[in-house]
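Participant: one predicted model, sequence on top.
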Amino acid sequence: MAVTEARPAALAPRPAARLISWLTTTDHKKIGILYLVNSFIFFVIGGVFALLMRTELARPGTQIFHPNAYNQLFTLHGTLMIFLVIFPMLAGFGNYFVPLQIGALDMAFPRINALSFWLLPVGGLTILSGFLAQGGAAAAGWTSYVPLSVQGKAGQDLWTVGLLIVGTSSILGGINFIVTILRLRAPGMTMMRLPIFVWSILAQSLLVVLATPVLTAGLIMLFADRRLGTSFFDPTHGGNVLLWQHTFWFFAHPEVYILILAAWGAVSEILPVFSGKPLFGYPGVVLSFLMITALSFTVWAHHMFATGAVELPFFSITTEMISIPTGVLFFNWLATLWKGKIRLEPPMLFALGFIAMFLIGGIDGVWMASPAVDFAITDTYWVVAHIHYVLFGGTVFGIMAAMYYWFPKITGRMLSKRLGQWHFWLQFAGFNLTFFPMHVLGLRGMPRRIADYAPGRGWSFLNLVATAGAFLIAVSIAIFFDNVFVTLRKPRTASADPWGANTLEWATSSPPPPHNFDALPPIRSARPVFDARQAGLSLEGQP
Amino acid sequence: MGQRVANASRHVTRRRVGRPGVRSRWALPTGFLLLALFSTGCAQAGATVQGEKVHGLYVVIAIMAAPIFIGVEGLLLWSVFRFRKRQRDGGLGPQTFGTTRALVIFFAIPSVIVATLFALGEQTLATVQKQDPSPVVIIRAEGFQWEWTFYYLNEGFVVSGKTLHVPALMVIPVDEPVKIQLHSRDVIHSFFVPAFLFKRDVIPGRTNTFTFTANKIGTFPAQCAEFCGLWHSKMTFIVKVVNSTDYTAWTEQQIKAVQSISCPPHGPALSIVAKDISWNTNCLAVRAGSPISISVTNRDAGIDHNFAIYDSFSQTKKFFQTGRFPGVSTRTDQLPPLPSGRYYFQCDVHGPSMSGVFIVGGK
């Protein structure tokens, strides 16, 4: 099974054997690749849903989609992007690189690792199979508020069960990461020498393990209310509709940090490499990660200010307090760049784009943290702008930075720099064209999740702009895929450490052998490969 | 140490580019102002006393956010241009790891901003949340899939829209405190008037109330802001703010309109049709004393309706009620004998938006 790795093409096994090796693998690197491939497939599906929605919204009036279809599209777009694209993508990088970065042979529980992965496509397809059910797929939004979600047809049950499966996958994966990071570090790899990406995965996994079971509980209550005649959420039988919102957001606000911590980690890994400097204030970044992890459990009800049923000042101050450690991250990133020798390779372009865009997502969130302003802009397109500046301008730019950065390690091939630049600039332009106008739409009172709007509200032109931007994003993503597929057909030429990087994954060949390392360099700081390079030690696989 | 190095170099660069003088000295403040103007220009000023306060807070946050935005993006761009690696450069920048002092400063700056922001936010919040103890108009606003009904509790009448056809109209007097009580008949909705810079969720099993004072005469589009299913996007309504004379005239007209509804009596078999969450008539009439059957047709697939007769929309006395039944189907029932008079009928699922006058005539 493992013999297929890094062998000349002449000795490659037959296609059937190769397929079986992928289906049965417990190698964290192969599982990492499976995570990434699976995520990109769902990314394309979720992206197409987004394009269809933007096409419908380009002009006022109903053009192509009946509201029933539109409601399914936005529900599935949100669900897929959050649960089957962004999180698994980050988990994929984590799978591939956490063991390598801490000098380990594999994850702590390789077979559970394989199970975590295989649950994902099963859960994803269960959710998507709603399109084949009578009444269509789930159409209550990714937040699935009751009682609306209790009204839904069979598609809603498939959504509930699918999400239960995906949540189980996350919990298993989270436990695996925590044990791996705490127990399998190479000699010399102390906690304060951990690569910052590993710290971000550790924080993310703590959140997953503590928050996801709450969602699981909520989903079981929802299913029971729908099919077993219970009334957890039914006020006419002693239930409470807001119980769902509390349960959901107690999970889903930490989830937002689950969806960005590892992107922060990857960017904090990339900025120092392409600035020729160490990460400024490493302990401060670690402290910020941990503070955010803790604080993220105290803010959930800021999604519920407009219910009139939550303690406003408490949730307002905790929400605003999260901007303190987040601000520290920005300071540290800027200080890392300061006086560096900045190389604008594609990973760095995306990392810089990440900072520039995530800043906007951070700032526009501050208005909503103030309940008085939140009453005006919550549930409008302002929220849509905010979440996309955080999860697209933030995480997706971070994911792309990580893709360009780690692609040579995973495949042994360098992605084209020129295409990478085209990808970056088009994605950057398309992204801002799509999502910046949504701030203004929100201020002009356009509610989110509407399948249609009337002309004459001052919304039409900006919606058209947003739609044009969405297609520009699609072009940029097409260029990215083109880059990937063309590169994959080229010979493996990448050296062990093509970027002049810092962490252990660059101390082994590209791609690494199944056992990861023949020998490890001494680990005496957070940058063992940097130290080895400075000391003139030769690295494995280095030409 | 790294901090000190950074400060020193900032000093040097400022001296170097500082010559062009006036222009660069004003560039930054002008930038802040433009950004603040841009972001506040997009926001509506608010057509209520409370909304104006919210707008004020919005502007304050914009003014605080502008320097952060420009500062961070500016530093980012500056770093990329100033510190970009040249061909002849050596490989590495200064190996500065950061000091505890820098970390303390990094934590202190956002802490101060957050403390200020929170204090200002709480001040405005107190104004917005404060309920007026003596509202002039009290409206019970009912949301349901997918329409609004407004009960004018002091004046004693109801207005409602026709789902998918006519948005509900709420008329209120200018400069008078208005109290809204929110009720839901089914799922969660949200009462949102963009021009008032305010919304509040309409939650089954819970009554949310708030008061506001509109201070601009005008017509303001409004709609449900919490996703509520198939026709969520059509759950719009209109708020019209008028002077007190016009308000009195409008309320009188509403009351008279209901009183003037009339129709000729029909034979022993009545029929009524529900389609698109509306009845096909707002008036049914029969002769007193004769046995009457009513057949109710529900043409809304998958949506429940029923038919009930009360003394008035306040439903103090119930005379007749069928069970709820989904479309598409028809049911026929015998009505009990009713004394002569004017009654009120409605679909209990959708309330006054599906209602009318039931007249039992003299002969």
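Facilitator: Thanks, I have it.
Participant: which residues touch the closest residue to chain B within the stretch 401-543 of chain A?
Facilitator: Nearest residue of the stretch 401-543 of chain A to chain B: residue A:445, at 2.4 Å (CB to the nearest CB). To be clear about C-beta, it is placed using only N, CA and C from the backbone, and glycine gets the same treatment. Residue A:445 makes contacts with A:380, A:457, B:44, B:192, B:194, B:195, B:221, as judged by CB atoms under 8 Å, 6 or more residues apart in numbering or on different chains.
Participant: residue B:144 too?
Facilitator: By CB under 8 Å, 6+ apart, residue B:144 lies in contact with B:184, B:185, B:186, B:189, B:349, B:350, B:351, B:353.
Participant: tell me, what residue is most central in chain A?
Facilitator: residue A:86 (2.8 Å; CA atoms, centre = their mean).
Participant: check the gap between that one and residue A:399 for me.
Facilitator: Separation of residue A:86 from residue A:399 (CB to CB, to the nearest Å) stands at 7 Å.
Participant: residue B:120 belongs to a strand, doesn't it?
Facilitator: No. With DSSP: H, G, I helix; E, B strand; the rest coil as the criterion, residue B:120 is located in helix rather than a strand.
Participant: and it, what's its pLDDT?
Facilitator: Predicted confidence (pLDDT) at residue B:120: the value is 92.
Participant: what number of residues lie near the residue of the stretch 201-350 of chain B found nearest chain A?
Facilitator: For the stretch 201-350 of chain B, the residue closest to chain A is residue B:205, as judged by CB to the nearest CB, at 2.5 Å. Neighbours of residue B:205 under the rule other CB atoms under 10 Å in any protein chain shown: 16.
Participant: try residue A:212
Facilitator: 23.
Participant: which residues touch it?
Facilitator: Residues counted as contacts of residue A:212 (CB under 8 Å, 6+ apart) are A:167, A:170, A:171, A:174, A:251.
Participant: where's it relative to residue B:146, distance?
Facilitator: 34 Å.
Participant: repeat for residue A:445
Facilitator: Relative to residue B:146, and taking CB to CB, residue A:445 is found at 18 Å.
Participant: what is residue B:355 paired to in the beta sheet?
Facilitator: Assessed by DSSP bridges, residue B:355 has beta-bridge partners residue B:346.
Participant: wait, it sits on residue B:282?
Facilitator: Yes. Using CB atoms under 8 Å, residue B:355 is in contact with residue B:282, at 7.4 Å.
Participant: which of these two has more neighbours?
Facilitator: Each of residue B:355 and residue B:282 has its neighbours counted (other CB under 10 Å); residue B:355 has more, 21 against 14.
Participant: so who does that one touch?
Facilitator: For residue B:355, the contacting residues are B:158, B:160, B:279, B:282, B:313, B:344, B:345, B:346, B:347, by CB under 8 Å, 6+ apart.
Participant: with residue A:313 instead?
Facilitator: Residue A:313 is in contact with B:122, B:125, counting by CB under 8 Å, 6+ apart.
Participant: can you do 10 Å?
Facilitator: The contact partners of residue A:313, by CB atoms under 10 Å, 6 or more residues apart in numbering or on different chains, come to A:371, B:118, B:121, B:122, B:125, B:126.
Participant: cool, residue A:88 as well?
Facilitator: A:34-36, A:38-40, A:42-43, A:94-95, A:116-117, A:120-121, A:124, A:166, A:169-170, A:173.
Participant: residue B:322 too?
Facilitator: B:294, B:296, B:305, B:306, B:307, B:308, B:309, B:331, B:332, B:333, B:347, B:348.
Participant: that older thread, my guess is the residue nearest to the centre of chain A contacts residue A:391, does it?
Facilitator: Yes. The pair residue A:86 and residue A:391 passes the contact test of CB atoms under 10 Å, sitting 6.2 Å apart.
Participant: what about the contacts of residue A:88, which are in helices?
Facilitator: Among the contacts of residue A:88, DSSP state H puts A:34-36, A:38-40, A:42-43, A:94-95, A:116-117, A:120-121, A:124, A:166, A:169-170, A:173 in helices.
Participant: buried subset of those?
Facilitator: Neighbour-count burial (16 or more other CB atoms under 10 Å in any protein chain shown) applied to these gives A:34-36, A:38-40, A:42-43, A:94-95, A:116-117, A:120-121, A:124, A:166, A:169-170, A:173.
Participant: wait, a helix at the residue of the stretch 401-543 of chain A closest to chain B?
Facilitator: No. Under three-state DSSP, residue A:445 sits outside any helix and is assigned coil.
Participant: can you list phi and psi of it for me?
Facilitator: phi 90, psi 20 (degrees, to the nearest 10).
Participant: and it, what's its pLDDT?
Facilitator: If you check residue A:445, the pLDDT there is 94.
Participant: hmm, the helix ranked longest in chain A in reach of chain B?
Facilitator: Counting by DSSP H, the longest helix found in chain A is helix A:241-275. Yes. Helix A:241-275 reaches chain B (CB under 10 Å from any CB of the partner chain) through A:241, A:242, A:244, A:245, A:272, A:274, A:275.
Participant: format those residues as JSON lines; extra columns: pLDDT and neighbour count.
Facilitator: Formatted as JSON lines, the residues of helix A:241-275 next to chain B follow (pLDDT from 0 to 100; neighbours: other CB atoms under 10 Å in any protein chain shown):
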{"residue": "A:241", "pLDDT": "96", "neighbour count": "25"}
{"residue": "A:242", "pLDDT": "96", "neighbour count": "23"}
{"residue": "A:244", "pLDDT": "97", "neighbour count": "24"}
{"residue": "A:245", "pLDDT": "96", "neighbour count": "26"}
{"residue": "A:272", "pLDDT": "97", "neighbour count": "25"}
{"residue": "A:274", "pLDDT": "96", "neighbour count": "27"}
{"residue": "A:275", "pLDDT": "95", "neighbour count": "26"}
